[in-house]
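J.: how would this look folded up:
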Amino acid sequence: MKQPLAYIHPEAKIAPNVVIEPFVTIDKNVVIEEGTRIGSNVTILEGTRIGKNCNIFPGAVIGAVPQDLKFVGEETTVEIGNNTTIREFVTINRGTKAKGKTVVGNNCLLMAYVHVAHDCLIGNNVILVNTVQVAGEVVIDDFAIVGGMSAIHQFVHVGAHVMVAGGTLIGKDVPPYVKAGRARISYVGVNSIGLRRRNFTNEQIRDVQNIYRYLFQMGLNNSEAIERIEAELPASKERDEIILFVRSSQRGIIKGYYPDNV
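T.: Numbers count the residues shown, from 1 in each chain. Now for the predicted structure:
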């Protein structure tokens with residue numbers, strides 16, 4: 001449903017049942033699939049792809065050029081999956097030649113004033129609470145929740161099923177299944193409540209807890225901990241995922257909590 005007070009570029013591809021409210025601007029080379037609603041004063045710029053049944057609230061800006069001085073006008077995209085909600089005044093920049101695209105997956109919730117910078121890859125069922133600021137080339141895996149007013153450093157990787165406390169400065173990689181927080185980001189336990197809500201068994205949760213005892217509570221460095229985990233704990237999907245995450249970390253993973261880690 002086209003609103004007469006909206007500007008829609010004639011080359012934009014918009015499904016017939018998309019709802020567009022007044023004062024929306026939609027640029028060329030934009031694709032919006034069926035069932036999506038675009039609130040008033042939303043700006044959707046060149047290179048944006050929005051999936052089905054999304055809800056974009058007033059004031060959001062999607063597809064603006066990256067805030068990266070290396071960007072020289074290359075053709076890149078923002079890709080947003082299905083059933084994702086983008087609240088008021090969220091900003092999502094498109095990619096650069098580094099990855100070519102910024103991605104927000106399916107069933108995500110980006111609350112008011114969230115910023116997602118260039119080349120970020122955000123998985124499915126992710127929640128970014130109000131004013132979370134995500135720097136360039138960050139990866140956030142499925143089912144992660146990042147608390148309000150947190151800031152994520154460039155190139156950081158946040159693992160699946162992670163819960164990060166509000167107001168956290170995230171400068172290191174956060175491995176999957178954990179809770180993290182404090183003034184200097186630290187491991188504060190396994191996200192057991194979140195895992196139960198997603199139908200992980202008690203045995204799976206105990207196995208994850210045992211793995212993180214080696215990594216964070218036994219005084220071992222990461223290499224020593226991984227060696228002992230592989231030798232002493234049974235193989236499982238969760239074990240292998242954690243080991244792969246730690247070994248592939250580029251920025252290093254967060255530390256365990258000790259009184260001097262403040």
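J.: got the contact list for the nearest residue to E241 once chain neighbours are set aside?
T.: Residue nearest to E241 in three dimensions, not counting chain neighbours: P176, with 5.8 Å by Cβ to Cβ, 6 or more residues apart in numbering. No exception for glycine: its C-beta is placed from N, CA and C like everyone else's. Listed by Cβ atoms under 8 Å, 6 or more residues apart in numbering, the contact set of P176 reads 141, 159-162, 238, 241-242, 245.
J.: One more: G63?
T.: Contacts of G63 (Cβ under 8 Å, 6+ apart): 27, 30, 44-48, 77-78, 92-94.
J.: In the stretch 151-262 of the chain, what residue spans correspond to strands?
T.: In the stretch 151-262 of the chain, the strands defined using DSSP state E, counting those that start in this stretch lie at 151-152, 157-158, 163-164, 169-170, 178-181, 186-190, 255-256.
J.: where does I80 sit relative to I62, distance-wise?
T.: Using Cβ to Cβ, to the nearest Å, one obtains 7 Å as the distance from I80 to I62.
J.: what's the overlap in contacts for those two?
T.: With Cβ under 8 Å, 6+ apart, I80 and I62 have common neighbours 48, 50, 86, 92.
J.: remind me which residues of the protein are low pLDDT?
T.: 1-2, 258-262 (pLDDT under 70).
J.: Helices of that one, start to end?
T.: 192-197, 202-216, 222-232, 237-248 (DSSP state H).
J.: re the thing from before, right, so of the strands of the stretch 151-262 of the chain, which gets closest to I20?
T.: I20 sits nearest to strand 151-152 of all the strands of the stretch 151-262 of the chain, at 31.6 Å, using Cβ to Cβ.
J.: Neighbouring strands of the closest one in the sheet, and parallel or not?
T.: Using DSSP bridges, strand 151-152 pairs in its sheet with strand 133-134 (parallel), strand 169-170 (parallel).
J.: want to try TSV for those strands, with mean neighbour count and distance to Y257 as columns?
T.: Shown next, in TSV, are these (neighbours: other Cβ atoms under 10 Å; distance: least, Cβ to Cβ, whole Å):
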stretch	mean neighbour count	distance to Y257
strand 133-134	22	24
strand 169-170	19	15
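J.: any chance of those strands in CSV, with distance to I152 too?
T.: Shown next, in CSV, are those (distance: least, Cβ to Cβ, whole Å):
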stretch, distance to I152
strand 133-134, 5
strand 169-170, 4
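J.: To I205, which of the strands of the stretch 151-262 of the chain lies closest?
T.: Of the strands of the stretch 151-262 of the chain, nearest to I205 by Cβ to Cβ is strand 186-190, at 6.6 Å.
J.: Which strands or helices does that closest one pack on?
T.: strand 178-181, helix 202-216, strand 255-256 (3 or more Cβ pairs under 8 Å, 6 or more residues apart in numbering; DSSP states H and E).
J.: Output the longest one as CSV, restricted to C-alpha atoms.
T.: The C-alpha atoms that make up helix 202-216 are tabulated as CSV, following Å, rounded to 0.1, in the frame of the first residue of the first chain:
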residue,chain,number,x,y,z
ASN,A,202,20.1,-30.7,31.9
GLU,A,203,22.9,-33.0,30.8
GLN,A,204,23.8,-30.7,27.9
ILE,A,205,23.9,-27.7,30.3
ARG,A,206,26.1,-29.7,32.8
ASP,A,207,28.5,-30.6,30.0
VAL,A,208,28.8,-26.9,29.0
GLN,A,209,29.4,-25.9,32.6
ASN,A,210,32.2,-28.5,32.9
ILE,A,211,33.8,-27.2,29.8
TYR,A,212,33.9,-23.6,31.1
ARG,A,213,35.3,-24.8,34.4
TYR,A,214,38.4,-25.8,32.5
LEU,A,215,38.5,-22.6,30.6
PHE,A,216,37.8,-20.1,33.3
